[in-house]
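J.: predicted model, plus sequence, below.
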Amino acid sequence: MAIIRIKNLLLRTYIGFNDEEINKLQDVVINMTIEVDLTSAIQHDAVDGSYNYKIITKNVIALVQEQKFMMLEKLTQSILDEIMKNKNVRSAKVEVDKPHALRFAESVSVELSATRDMQQHS
């Protein structure tokens, strides 16, 4: 099993439900941990059987930048769902930070995770 981490993906999106948030792009920081079986790719040093983290990153960027979200929780779940579309992903964890969301805090974050029941997909 391999763990792929995409760290501190810095994006801007429309997120929030207050009047001052609805029409203003805001920063979000995204961290993703993706567990994938890469045994074949590693053993054969081959692209076949690998996980293309560049593609998932592009998909997440498009998702975040092309939609509006009221809740940080919904944004986080949408990213997790996008990652889990790939049937080779065993599990994933996504944390999304919204910097400066609270006056005296550096950021607020939501973390969600999912695990695939591999017996169902064998």
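T.: Thanks, I have it.
J.: how about the strand or helix carrying Asp97: buried residues?
T.: Per DSSP states H and E, Asp97 falls inside strand 89-99. By neighbour count with 16 or more other Cβ atoms under 10 Å, strand 89-99 contains the buried residues Val89, Arg90, Ser91, Ala92, Lys93, Val94, Glu95, Val96, Asp97, Lys98. No exception for glycine: its C-beta is placed from N, CA and C like everyone else's.
J.: what's the farthest-apart pair in the residues you listed?
T.: Arg90 and Lys98 (28.1 Å; Cβ to Cβ).
J.: tell me the SS of the residue nearest the centre of the chain?
T.: When Cα atoms, centre = their mean is applied to the chain, the residue found nearest the centroid is Ile79 (4.2 Å). Following DSSP: H, G, I helix; E, B strand; the rest coil, the label given to Ile79 is helix.
J.: now do the contacts for it.
T.: Residues near Ile79 by Cβ atoms under 8 Å, 6 or more residues apart in numbering: Ile30, Met32, Val60, Leu63, Val64, Val94, Val96.
J.: before we move on, the earlier item: report all helices and strands that the strand holding Asp97 contacts.
T.: The helices and strands touching strand 89-99, judged by 3 or more Cβ pairs under 8 Å, 6 or more residues apart in numbering; DSSP states H and E, are strand 25-36, helix 72-84, strand 107-115.
J.: mean pLDDT and distance to Asp45 added to the ones you listed, as a markdown table?
T.: Listed next are the helices and strands packed on strand 89-99 as a markdown table, based on pLDDT from 0 to 100; distance: least, Cβ to Cβ, whole Å:
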| stretch | mean pLDDT | distance to Asp45 |
| --- | --- | --- |
| strand 25-36 | 96 | 16 |
| helix 72-84 | 97 | 25 |
| strand 107-115 | 96 | 28 |
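J.: redo the ones you listed as TSV? Include distance to Ser50.
T.: Output for the helices and strands packed on strand 89-99, formatted as TSV (distance: least, Cβ to Cβ, whole Å):
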stretch	distance to Ser50
strand 25-36	8
helix 72-84	16
strand 107-115	21
